[in-house]
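> with the sequence up front, the predicted model follows.
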Amino acid sequence: MKLLRNILIPITLILGLAFSTTSANACKARLGDFDWDSANIHTAISQFIFEKGFGCEVEVSKGSTTPIMAAFFDGQLDVITELWEDNLVELLRPHFEDGSIIHMGVNTPASEQAFWVDRATAEAHGIKSVEDMKKPGIWELFKDPENPSKGRMTSCISGWTCYTINYVKQREYGLDEFYTNFDPGSGGALDAAIAGGFAKGKPVFSYYWTPTSLMGKAEIDMVRLEEPAYSAECWGAMSVVVEDIKANGQEAYVPSCACEYKDMALTKTVRADWAAENPDQAAFIKAYSLPTGDVNSLLAYYVDESGGDMEATAVHFLSNSSAWESWVSADVAAKVKSAL
Amino acid sequence: MIKILKKYINYIYLILFAGLIVISYLSSKRKPDSVTELFTDFGWLNNFPKWLDAPFMVWINDWWRAFSAKYGLIFDAIGYVLLRAYSITKNFLIDVPWPIVVLGVVLLTFYASGKKIGTTIFVGFCTFSIGFLNPRFWDKAIETTTIVFIGILLCLIVGLPVGIAMARNPRVRNAILPILDLMQVIPSFCYLIPGIILFGLGAIPAIIGIFIYACPPLIRLTDLGIRLVDKEVIEAARSFGASKKQMLWGVQLPLALPNIMQGINQCTMMALAMVVIASMIGTRGLGDEVLLGLQQLNVGSSLEAGLAIVLLAIVFDRITQAYGEKIQERTQPTKKKKKQLIPI
């Protein structure tokens, strides 16, 4: 026993030393990941390329928007692979301006955020736009069990900017008289509420967004409600009110303007100091871009076929598509391929 | 028959396990092209093989889909009853002017604690301070209290009979104990998220969550309390010809009451912890203030709400503890000693 210990301890020490020396000269990338699945896919793919292609040491931190962005601004994270920039305009502006973070271009060209109603209910009652939601009798379909004098609109998570945006929109459209702006508490709960509605065949009225795996599923069929068309002017006026409410509470609401969410491009960003130290890796992040359809099909693969395994989904993408080869140099691509 | 079964039970388990491995291998999508590969290429000994993946996820998902479609109506009914109880209590307490609620709590404490002035003043002060921290917290605290209250009621209705059954029959205990372990250990989101699908967002899945999370200590302490009743006392009661029913209601339960009260106290504290977690599934109350503060990185506002929860916990704890002490003094008058308990 003693002999064994005498042999084992030096061996582990030597092995530990060997590992620490090999990783010392490699690059380091700290990725910020969010609690929705499209972000997870981009993080998984870039993690794989960073680790296998560039030989980087990768650390992934996952959380909701506010803490992750705060850690990113604070320099605790280097790379954000999916950024819902238009929701965070005011938050990002000072950091772009002082040059501490760099805009890295488009990640996914189109995404939607909107109010949705399940197709069966929408067709049965001729609901096409947010105005239709105010017709007599419609709100009773979505009755809020905890507040039976109103319907329930399952909204965004309170603390996310979209919750306040939805609040302002409800006020502007006059929906607040009929519907509650119900905070589901977390992304998983929002998904479960929609899925639960469909499972039971109950009417669903919810805020939601694409690309998401839930929207990629065959049984989830929802109609996007029409809203006044997007205009930068109107959105700007609304953003001011939204930021004011976020800072000072719902009493700060003043009538302004409201329009639909812009179908926005999702972007990427990295910290300037990290990009300066790792130019090759930064160039890869800059080149990284995927069409919306590909992201949706990857999400569907993730849910239905990979068995909820993000790494397997990333491997599936890397082995079945050649789109990513143009993001990196030939030898990095070769290393990634040999690792698949 | 049972004897034979007992003798071979381990072999039966072994066969079941082997069967499971074969099924896992056959249903895996990542299995090698042919079985012979396993004996020529031993790479699978290095990392845990990907084809050795028990398809529990698929089974549970299939079962869950069928289950929620088939029995959805029953859960709708349960949800409706709980919701009615919740709405009525909540609306009543919110409509009542706040000084009357504070007064009610003070009176409750006064009589529950056996007219202890110190405890009563302390609890009254804590109750007032919840609204004093932030006026918005008052209604939220009432929502939280209502959910906790209904959750505990559910725990009592189920937990007490189960605890009594466990104390009386060791076979029942052996069957129930692993279930209690499971209920206490399983991460709460595992049942909160399916709860949304069955009951919708809001207070009802939180009440169910409370039941799963907070019921085990009540059951355990009821069981323990009844079993700890002195053998001599039981014997004495039996020699006087007490029937089983008389024994339970006249001897065992009254003597076990301090332990049961401790169980209710623990149940309350755990219910309060769960109601905060449940804010992640859209349950209104003080928990969502904490969550909101957290998501906006507003340390002050989340700490303020956290403090309000602590105050609420103190109120619950003091009332149940004081009542427990009163009972203890009544049943064991000779051991009259004051215990200083931690406030939470």
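Here it is on my side, so go on.

> now do the helices in the stretch 51-200 of chain B.
B:56-95, B:98-112, B:117-133, B:136-168, B:170-185, B:189-199 (DSSP state H, counting those that start in this stretch).

> whoops, the stretch 201-344 of chain B was the one
With DSSP H, counting those that start in this stretch as the criterion, the stretch 201-344 of chain B has helices at B:203-227, B:231-239, B:244-246, B:253-277, B:286-295, B:299-331.

> for residue B:73, which of those helices is the nearest?
Taking C-beta to C-beta, helix B:203-227 is the member of these nearest to residue B:73, at 14.9 Å. Backbone N, C-alpha and C define where each C-beta goes, glycine included.

> quick one, that closest one and helix B:170-185 angle?
140 degrees (axes from the mean of the first three to the mean of the last three C-alpha atoms, to 10 degrees).

> just the buried positions in helix B:203-227, please.
Neighbour-count burial for helix B:203-227 flags B:203-226 (criterion: 16 or more other C-beta atoms under 10 Å in any protein chain shown).

> and the angle for it with helix B:136-168?
Going by the same axes, to 10 degrees, helix B:203-227 makes 40 degrees with helix B:136-168.

> circling back to that earlier point, what's the closest of the helices of the stretch 201-344 of chain B to chain A?
helix B:286-295 (2.6 Å; C-beta to the nearest C-beta).

> the closest residue to chain B within chain A: how many residues sit nearby?
When scored by C-beta to the nearest C-beta, chain A has residue A:159 as its residue closest to chain B, at 2.6 Å. Here the count is done by other C-beta atoms under 10 Å in any protein chain shown, and residue A:159 has 22 residues near it.

> please apply the same query to residue A:250.
12.

> near chain B, which residues of the stretch 201-340 of chain A are found?
With C-beta under 8 Å from any C-beta of the partner chain as the criterion, the stretch 201-340 of chain A meets chain B at residues A:246, A:305, A:307, A:308.

> please repeat the previous calculation with a cut-off of 10 Å.
Neighbours of chain B within the stretch 201-340 of chain A, by C-beta under 10 Å from any C-beta of the partner chain: A:201, A:202, A:246, A:247, A:249, A:305, A:306, A:307, A:308, A:309, A:312.

> helices - which of the residues you listed land there?
Among these, DSSP state H puts A:246, A:247, A:312 in helices.

> what are the phi and psi values at the nearest residue to the last one once chain neighbours are set aside?
Yep, that's residue A:312 we're talking about. Of all residues not flanking residue A:312 in the chain, residue A:306 sits nearest, at 4.3 Å (C-beta to C-beta, 6 or more residues apart in numbering or on different chains). Note on residue A:306: backbone dihedrals following degrees, to the nearest 10 are phi -80, psi -10.

> can you give the domain ranges for chain A?
Per automatic domain parsing, the structural domains of chain A span A:28-109+A:264-339, A:112-252.

> pLDDT weak spots in chain A?
A:1-26 (pLDDT under 70).

> mind redoing it with 80?
A:1-26, A:86-87, A:89-90, A:110, A:159, A:216-218, A:264, A:292-293, A:304-308 (pLDDT under 80).

> can you list the residues of the stretch 1-150 of chain B near chain A?
B:28-30, B:50, B:53, B:55, B:57-58, B:64-65, B:68-69, B:72-73, B:75-76, B:79-80, B:83-84, B:86-87, B:90, B:136, B:143.

> distance of residue B:237 relative to residue B:244?
Distance, residue B:237 to residue B:244, by C-beta to C-beta, to the nearest Å: 11 Å.

> likewise residue A:130?
For residue A:130, the distance to residue B:244 - C-beta to C-beta - is 66 Å.

> who has more neighbours out of the two?
More crowded of residue A:130 and residue B:244, by other C-beta under 10 Å: residue A:130, with 22 against 10.

> and the more buried one, its phi and psi?
phi -60, psi -30.

> check residue B:48 too.
phi -60, psi 120.

> then residue A:31?
Dihedral angles (degrees, to the nearest 10) for residue A:31: phi -90, psi 140.

> that one contacts residue A:59, correct?
Yes. Using C-beta atoms under 10 Å, residue A:31 is in contact with residue A:59, at 7.1 Å.

> who touches both of the two?
By the contact definition C-beta atoms under 10 Å, 6 or more residues apart in numbering or on different chains, residue A:31 and residue A:59 are jointly contacted by A:47, A:77, A:78.

> do you know how far the nearest residue to the last one once chain neighbours are set aside is from residue B:256?
Meaning residue A:78. Closest residue to residue A:78 apart from its sequence neighbours, by C-beta to C-beta, 6+ apart: residue A:274 at 3.9 Å. Per C-beta to C-beta, residue A:274 is found 63 Å from residue B:256.

> who has more neighbours out of those two?
Counted by other C-beta under 10 Å, residue A:274 and residue B:256 do not tie: residue B:256 has more neighbours, with 25 against 21.

> how much space separates the nearest residue to the more buried one once chain neighbours are set aside from residue B:288?
Among residues not flanking residue B:256 along the chain, residue B:225 sits closest, at 3.3 Å (C-beta to C-beta, 6+ apart). Between residue B:225 and residue B:288 the distance is 36 Å, computed by C-beta to C-beta.
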